[in-house]
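Trainee: Fold the following for me, if possible:
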Amino acid sequence: MKQWLPFVKNHPVVSVVRLTGAIASGPRGTLNDQSAAPLLERAFRKGKPAAVALVLNSPGGSPAQSSLIGARIRRLAEEKEVPVYAFVEDVAASGGYWIASAADEIWVDPTSIVGSIGVISASFGFHEFMQKQGIERRVHTAGKDKSMLDPFRPERAEDVERLKGLQAQLHETFKAQITSRRGAKLPEDQDLFTGEVWIGQRAIDVGLADGVGHVVPVMKEKFGDKVKFRPYGQKRSVFSRLGLRAMENALSTVEERSLWARYGL
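Mentor: Numbers count the residues shown, from 1 in each chain. As a prediction, this is how the structure comes out:
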């Protein structure tokens, strides 16, 4: 009722959206556009927030999902004319930094890891193991490149060349995103698109972040001590909360852990 009384002063409200985890399409609880969309939509549309603060902790993942989340943030920010601030916890790397770049300002902890603007693909080769075990691989395709990079046969040079071409396209798209959002803040004499990462103040020095600070004190500094915070967080399914994960999710869990481990986390 208070917000409808013209003689009562309303305190500014900041919507705080927590986006955590490896970025991939998949079951609920994984960071992707499907899981982030309802949080972001409510954060921007409920009432008239003074700002939206993104609390980010992601080692990256799917380029497409990173792009979709980033595009949604920008669309909502422009539609509602609401500024966006990103606050990095442990890491905002690769796709995690792509999402961070959708904010108007990026804030980091002195220990936050930021960057990794590049594209990576990793797999295993099992053809020698299969030969030793006497296992015959049978694959039939219509289209000679349909089984590109099949891990059960020797790696082909033409497959690697084709993969690198695909990676180059994704890398250019990634660079265009960062340049469009951070271009004026990036140094002209340094290549920041090599996949390298920076920590804390160093990320600020190279233009990938705007300052060292945490969500509550920074938002109070910008909007006053009376600012209110409205949190939005990702929800896990009942099975995830009980720790009852299906066996089919085991491989994706290992892959996600490998992404975090890349940054010592």
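
Trainee: could you point out the longest helix in this protein?
Mentor: helix 157-182 (DSSP state H).

Trainee: the bottom helix or strand of the chain by mean pLDDT?
Mentor: The weakest-scoring helix or strand in the chain, judged by mean pLDDT, DSSP states H and E, is helix 238-241 (a mean of 46).

Trainee: by contact count, what packs against the longest helix of the chain?
Mentor: If you count contacts as 3 or more Cβ pairs under 8 Å, 6 or more residues apart in numbering; DSSP states H and E, helix 157-182 packs onto helix 63-80, helix 95-100. No exception for glycine: its C-beta is placed from N, CA and C like everyone else's.

Trainee: so what strands line up beside the very next helix or strand once past the shortest one?
Mentor: Yep, that's helix 95-100 we're talking about. Counting by DSSP states H and E, the next helix or strand C-terminal to helix 95-100 is strand 105-108. The sheet places strand 105-108 alongside strand 84-93 (parallel), strand 211-212 (parallel), with pairing taken from DSSP bridges.

Trainee: Can you name the residues in contact with the helix or strand following the last one?
Mentor: Scanning the chain past strand 211-212 towards its C-terminal end, the next helix or strand to appear is helix 215-223 (assignment: DSSP H and E). By Cβ atoms under 8 Å, 6 or more residues apart in numbering, the residues outside helix 215-223 that reach it are 12, 14, 16, 50-51, 53, 55, 85, 87, 107, 211, 227, 229.

Trainee: Please list only the buried members of these.
Mentor: Among the contacts of helix 215-223, those scoring as buried are 14, 16, 50-51, 53, 55, 85, 87, 107, 227 (criterion: 16 or more other Cβ atoms under 10 Å).

Trainee: tell me which of those is nearest to residue 25?
Mentor: Nearest to residue 25, judged by Cβ to Cβ, of these is residue 55 at 22.0 Å.

Trainee: low-confidence ranges in the stretch 101-250 of the chain?
Mentor: Flagging of the stretch 101-250 of the chain using pLDDT under 70 yields the residue ranges 120-131, 136, 138-141, 143-152, 154, 159, 235-250.

Trainee: what residues are up against the residue lying closest to residue 114 once chain neighbours are set aside?
Mentor: What sits nearest to residue 114 in space, not counting adjacent residues and going by Cβ to Cβ, 6 or more residues apart in numbering, is residue 203, at 4.1 Å. Residue 203 is in contact with 108, 112, 114-115, 209, counting by Cβ under 8 Å, 6+ apart.

Trainee: what's the helix or strand for residue 203?
Mentor: Element membership for residue 203 (DSSP H and E) is helix 201-205.

Trainee: quick one: the residue most central in space within the chain from residue 36, how far?
Mentor: With distances taken as Cα atoms, centre = their mean, residue 96 lies nearest the centre of the chain, 2.6 Å away. The gap separating residue 96 from residue 36 is 12 Å, by Cβ to Cβ, to the nearest Å.
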